[in-house]
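J.: 3D, please:
(one chain, ligands or ions: 1)
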Amino acid sequence: MTRTLWVLGNWKQNHLPEAAAACARQIADDLPDALRGTSATVGDIRVGIAPPYLSLAATRPFVRPHAMLWLLAQDCGAQDAGAFTGEVGPNMIAAAGAEAAIIGHSERRALFGDTDRLVQAKLRAALAGGLTAVLCVGEALEVRQAGAHEAHVVAQLDAALAGLGPEAANARLVVAYEPVWAIGTGHTATPEQAAAMHRRIRAWLTERFGSAGTDRSILYGGSVKADNAQALVAAGDIDGFLVGGASLEPASFLAIVARAAAHVGT
Ligand code: PGA
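T.: Below you'll find the model as predicted:
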């Protein structure tokens, strides 16, 4: 089967509502140009933006009319409601117009104490709330240097997806491999490094979920730019990108979308 390609922009803590709306509008306006000359249709590729919670509502009017455009939250609280100061749960994310949430981003894990256990709870809440969950996994530099990167990522998958059956993961789970040493550093994983890890993740998903696992899209993230996107997407088993810095400007983001879309049907 052909898996859906995803190109997702994670804006992190950037873009107040006005700036976010302007970016979203430009992405929506210029998306057809980015796809021109490719055979990519709605079923082939999904393009998503993940503004801060505060800016979700402002971007929604520009994203909503486009079947190919998705709105994502950058995280998802583990509860729907209650005495959880500062939290935003899946029902609130859905009410703001987002259909998906990034879960377990390495910045959440490293800077805000998101443990494997909390990542699992957030992922379950997101899926139960009807959202698509984009689960981030990836190793730090010292883990790779020690040769333990595959074991580390497998342990993260084991923990985050413990107890979930294929019906829970089916169609609404996306995995993003983001080596921590590549995020915001300008050091992209080589296509070979990324493809090798993606094959390992694919094997895990297939073993765990059968054909539903084989069908999940696995994205790469970490210093993706237009000039490295093409080699990565061509490396095999890389079903698109989670983009940070290069997603903040519509033009550089859409240049990555164009590279991914050019791969459709090749
Ligand atoms: P980057 O971030 O593209 O700026 O490296 C990727 C991410 O954190 O998802």
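
J.: got any ranges where the stretch 1-150 of the chain has weak pLDDT?
T.: Residue ranges of the stretch 1-150 of the chain with pLDDT under 70: 1.

J.: okay, residue 74 and the ligand: tell me how far apart.
T.: To the ligand, residue 74 is 9 Å away according to Cβ to the nearest ligand atom, to the nearest Å. C-beta: built from backbone N, CA, C; applies to glycine.

J.: now swap in residue 186 and tell me
T.: 8 Å.

J.: for the stretch 151-266 of the chain, what lies in contact range of the ligand?
T.: Applying Cβ under 6 Å from any ligand atom, we find that the stretch 151-266 of the chain lies next to the ligand at 178, 183-184, 221-224, 242-246.

J.: ranking those residues by neighbours, who comes first?
T.: residue 224 (30 neighbours; other Cβ atoms under 10 Å).

J.: what is the neighbour count of the closest residue to residue 251 other than its chain neighbours?
T.: Among residues not flanking residue 251 along the chain, residue 30 sits closest, at 7.7 Å (Cβ to Cβ, 6 or more residues apart in numbering). A count of nearby residues for residue 30, using other Cβ under 10 Å, gives 16.

J.: show the contacting residues for residue 30.
T.: 250-251, 254 (Cβ atoms under 8 Å, 6 or more residues apart in numbering).

J.: for the ligand, give me its nearest residue in the chain.
T.: residue 244 (2.2 Å; Cβ to the nearest ligand atom).

J.: where's that residue relative to residue 104, distance?
T.: 15 Å (Cβ to Cβ, to the nearest Å).

J.: then residue 175?
T.: 10 Å.

J.: residue 164 too?
T.: Counting by Cβ to Cβ - residue 164 and residue 104 are separated by 14 Å.

J.: with neighbour numbers in mind, choose between the two.
T.: residue 104 (27 against 17).

J.: thinking again about what came up before, shared neighbours of residue 175 and residue 104, anything?
T.: Common neighbours of residue 175 and residue 104 (Cβ under 8 Å, 6+ apart) are 135, 137.

J.: ok, which stretches of the stretch 51-200 of the chain are strands?
T.: 69-73, 100-103, 132-137, 173-177 (DSSP state E, counting those that start in this stretch).

J.: show me what the last one is packed against.
T.: The elements that strand 173-177 packs onto, with contact taken as 3 or more Cβ pairs under 8 Å, 6 or more residues apart in numbering; DSSP states H and E, are strand 132-137, helix 191-209, strand 218-221.

J.: can you give me how far that strand is from the chain middle?
T.: Offset of strand 173-177 from its chain centre (Cα atoms, centre = their mean, to the nearest Å): 6 Å.

J.: residue 80 reaches residue 87, doesn't it?
T.: No - the pair residue 80 and residue 87 fails to qualify as a contact (Cβ atoms under 8 Å) at a distance of 9.8 Å.

J.: follow-up on the earlier one: I'd like the next helix or strand past the helix or strand the residue nearest to residue 251 falls within.
T.: Per DSSP states H and E: residue 30 is located in helix 17-35. Moving toward the C-terminus from helix 17-35, the next helix or strand (DSSP H and E) is strand 45-50.

J.: for that next one, what is the distance to the chain centroid?
T.: Distance of strand 45-50 from the chain centroid (Cα atoms, centre = their mean) equals 9 Å.
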